[in-house]
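Enquirer: quick one: sequence plus predicted model below, questions after.
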Amino acid sequence: MLKQQSGNHSESCLESTPSCLEPTQKYTGRFAPSPSGQLHFGSLVTALASYLDAKHHHGKWLVRMEDIDEPRCIAGTDTAILHALEVHGLQWDGEVMYQSKQHSRYQEVVNALLHHEQAYYCSCTRKMVKAMGGTYNGHCRDKGLTPSNGQLAIRLKLDTEWTPFTDLIMGEVCAPHQKLAGAGHRIEDLRIEKQRVEDITIKRRDQLFSYNLVVVLDDVFQGVTHVIRGCDLIDVTPLHRCVHQSLGYQPLKYGHVPVAAIAPGRKLSKQNHATPIDNTTALENTVRALHFLGFDEVKRQDFSSIDSLLSFAVSLWDRKKVVKTPEIIVPQHESTYYSVP
C-alpha cells in the first residue's frame, strides 16, 4: 500500500495522485460515457439518475469522457454527447476530463506500483488464461519478468477476497462472475462468494491502460465520492472496491440503476445499434426516463421547460423509489439491431 504525507497527516494516496478524499468532503458524483457511440435512451437514464442523486444531495456533478480505449472511439462523438446532455438540462460542474489526456499520470502510478512491487510484468496470453479455467492463477507473479522479455502486460497484485458491499439502490447484491437476474427479477439475495481476487491487468500488452485501473485513479483524482451507474457494471464493482483498497484508498459509495435492454441480456449499446436520443424531444425523453426509473407521478403536461422539470425531479428524487431490477425491456425501435442483416 502506497502512502503520501500531506500537511500534518498521512493520506492514503499514490504520490502522483494529488487529489484525495477528505473525511468531511461533500458529495461529488460523475457521469462517464465512452465516446464510441452517441447518447441513447439507456445512457440518458443513467446520466439523469446520476445527476439527480448528486443535485438532490447538494453535490457536484462531473462529466468524464472514458476514451482510454482510443481505437474504439469515434471522432466527434464526445461533442455530440455533451450537446445532448446540455439540451436535456444536465449541466455538469467544472471542465470535462478526457482519459486520453491523462496518460502521463497513469504511467506515473504504474511505475510506482512496479517500484514498490505491487505490480509485475506478465507474459500470459488470453489463450493461456482460458486454459487456467478462465481465471488468472498468478503464473507470472514470482517470475521477475522485465520489458527485456518481450511485449508484456502489467498486473496488479491483489491479495484479498471478494467482500459483500451495500449498493445504495439495490441493497446487498451481486457476486462477481455470476450473471445478474434477468428482467423482472430481483437481485437482493445474490451474495459475493468468498474467493481470492485474481491479479488484474492494469496495462495491456498493446500498451493501453486498463479501464479497471484508470476508472479508480480518475475517481480519486477528481474527488468523486458517489457513483450512480447502470446495473451492467454492478458485477465489476467488487473488483473496483478491491483496487481502491489495494492502492490505499477508501472505496466509494456505489448505486446501480436498471439498464434499458431490447431483449434479456441485450442492453442498449453501440454494438446493437442503439438509436441516438432525439434532442428535439428533451422534455418527453426526460419524463420517459423518470418513468423508467420508477417515478410514474411525473406528467409531461405539467412542465413547460426542461429546467422546471429537472428542478421538480431533483426535489422528488428518492433512491428507495428506483425500480429494483437489473434491466428493463424497452421497445425494439430503440435499436436498429433488428433491421440489420
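Expert: Received the coordinates, thanks.

Enquirer: for the rest of this, base every contact and every neighbour count on C-alpha atoms.
Expert: Will do.

Enquirer: my read: Met170 touches Tyr254, true?
Expert: No - using Cα atoms under 8 Å, Met170 makes no contact with Tyr254, being 9.7 Å away.

Enquirer: between those two, which one's more packed in?
Expert: Per other Cα atoms under 10 Å, whichever of Met170 and Tyr254 has more neighbours is Met170, with 25 against 19.

Enquirer: so where do the helices sit in the stretch 51-200 of the chain?
Expert: All helices of the stretch 51-200 of the chain, identified by DSSP state H, counting those that start in this stretch, fall at 77-87, 103-115, 126-131.

Enquirer: ok, now how distant is Ser34 from Val298?
Expert: 29 Å (Cα to Cα, to the nearest Å).

Enquirer: repeat that for Ser315.
Expert: 12 Å.

Enquirer: between the two, which has more neighbouring residues?
Expert: Between Ser315 and Val298, Val298 has the larger neighbour count (other Cα under 10 Å), namely 18 against 13.

Enquirer: SS state for the more buried one?
Expert: Following DSSP: H, G, I helix; E, B strand; the rest coil, we place Val298 in the coil state.

Enquirer: for the residue lying closest to it once chain neighbours are set aside, what are its contacts?
Expert: Using Cα to Cα, 6 or more residues apart in numbering and skipping the chain neighbours, the partner closest in space to Val298 is Val287 (6.6 Å). Counting by Cα atoms under 8 Å, 6 or more residues apart in numbering, Val287 touches Val298, Lys299, Arg300.

Enquirer: with just CA atoms, put the helix or strand that contains Val287 into PDB.
Expert: Taking DSSP states H and E as the definition, one finds Val287 inside helix 282-293. Listed next in PDB are the C-alpha coordinates belonging to helix 282-293 (Å, rounded to 0.1, in the frame of the first residue of the first chain):
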ATOM      1  CA  ALA A 282     -35.900  16.600 -24.500                       C
ATOM      2  CA  LEU A 283     -38.900  17.000 -22.200                       C
ATOM      3  CA  GLU A 284     -40.600  13.800 -23.400                       C
ATOM      4  CA  ASN A 285     -37.300  11.900 -23.200                       C
ATOM      5  CA  THR A 286     -36.700  13.000 -19.600                       C
ATOM      6  CA  VAL A 287     -40.200  12.200 -18.500                       C
ATOM      7  CA  ARG A 288     -39.900   8.800 -20.000                       C
ATOM      8  CA  ALA A 289     -36.500   8.200 -18.300                       C
ATOM      9  CA  LEU A 290     -38.100   9.200 -15.000                       C
ATOM     10  CA  HIS A 291     -40.900   6.700 -15.600                       C
ATOM     11  CA  PHE A 292     -38.300   4.100 -16.400                       C
ATOM     12  CA  LEU A 293     -36.600   4.700 -13.100                       C
END
